[in-house]
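1. how does the following fold in three dimensions:
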Amino acid sequence: MAHEILSVKMYELDKKLEQTHSRIQLAESMDTERLHQQIQNLWQECQESRITLENRLRHSKTDCVMKLAGVYDQVEAAVGKVLEEENIKLKNKEPIFGNVLPGTEEKILTAEYALDFAMQAVNRALLVSLEAIEAQRLEEKKEAEE
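-> Numbering: from 1, shown residues only. The predicted model follows:
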């Protein structure tokens, strides 16, 4: 059973990563207005996705999942606060090097590290998945011995 559930989730993750990769590539060739619209659309998608996840979490039977959801909410709030504070600081800076906007390098580095954090989350998900498969196999082995 774990294999089927995890396979579906991996398929969803693969599709999301493909979409993310594609959207980043397309964004580099978009005009400013279209890019801004894409950002607005993604904000909306993120909100809808968060609401869907929250609804699913309400029906979870696992205390661990509920605790993780609480921690995730705290992390999201902290990340949002830091990014908002940094964005405010960057807006108050003067342009540097002619047409290079202040904060551009910081935003690129932040995006890079956000992708690194996402990879860390994927690694953690893999670890939890492998442990779930192992637990299921041990349970099946125990039941077969009885």
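2. helices and strands around the helix or strand of the chain with the lowest mean pLDDT, which ones?
-> Counting by mean pLDDT, DSSP states H and E, the chain has its least confident helix or strand at helix 63-91, which shows a mean of 81. Counting contacts by 3 or more C-beta pairs under 8 Å, 6 or more residues apart in numbering; DSSP states H and E, helix 63-91 packs against helix 32-58, helix 104-145. Where you see a C-beta, it was placed from the backbone N, CA and C, and this is true even at glycine.
3. may I see these organised as JSON lines, with mean neighbour count added?
-> Listed next are these as JSON lines, based on neighbours: other C-beta atoms under 10 Å:
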{"stretch": "helix 32-58", "mean neighbour count": "11"}
{"stretch": "helix 104-145", "mean neighbour count": "11"}
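4. can you check which of those helices gets nearest to Tyr72?
-> helix 32-58 (8.9 Å; C-beta to C-beta).
5. just checking, what packs against the closest one?
-> On a contact count with 3+ C-beta pairs under 8 Å, 6+ apart, helix 32-58 meets helix 2-27, helix 63-91.
6. is it possible to export these to TSV including distance to Gln120?
-> Listed next are those as TSV, based on distance: least, C-beta to C-beta, whole Å:
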stretch	distance to Gln120
helix 2-27	14
helix 63-91	12
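7. so which of those helices gets nearest Cys46?
-> helix 63-91 (10.0 Å).
8. may I see the buried residues of that closest one?
-> Ala69 (16 or more other C-beta atoms under 10 Å).
9. got the angle between that helix and helix 104-145?
-> 170 degrees (axes from the mean of the first three to the mean of the last three C-alpha atoms, to 10 degrees).
10. ok so, going back, now render the helices and strands packed on helix 63-91 as CSV, adding distance to Val79 and mean pLDDT.
-> CSV is the format used below for these (distance: least, C-beta to C-beta, whole Å; pLDDT from 0 to 100):
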stretch, distance to Val79, mean pLDDT
helix 32-58, 12, 88
helix 104-145, 9, 87
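11. hmm, back to that, what angle sits between the least confident helix or strand of the chain and helix 32-58?
-> Relative orientation of helix 63-91 versus helix 32-58 (the same axes, to 10 degrees): 160 degrees.
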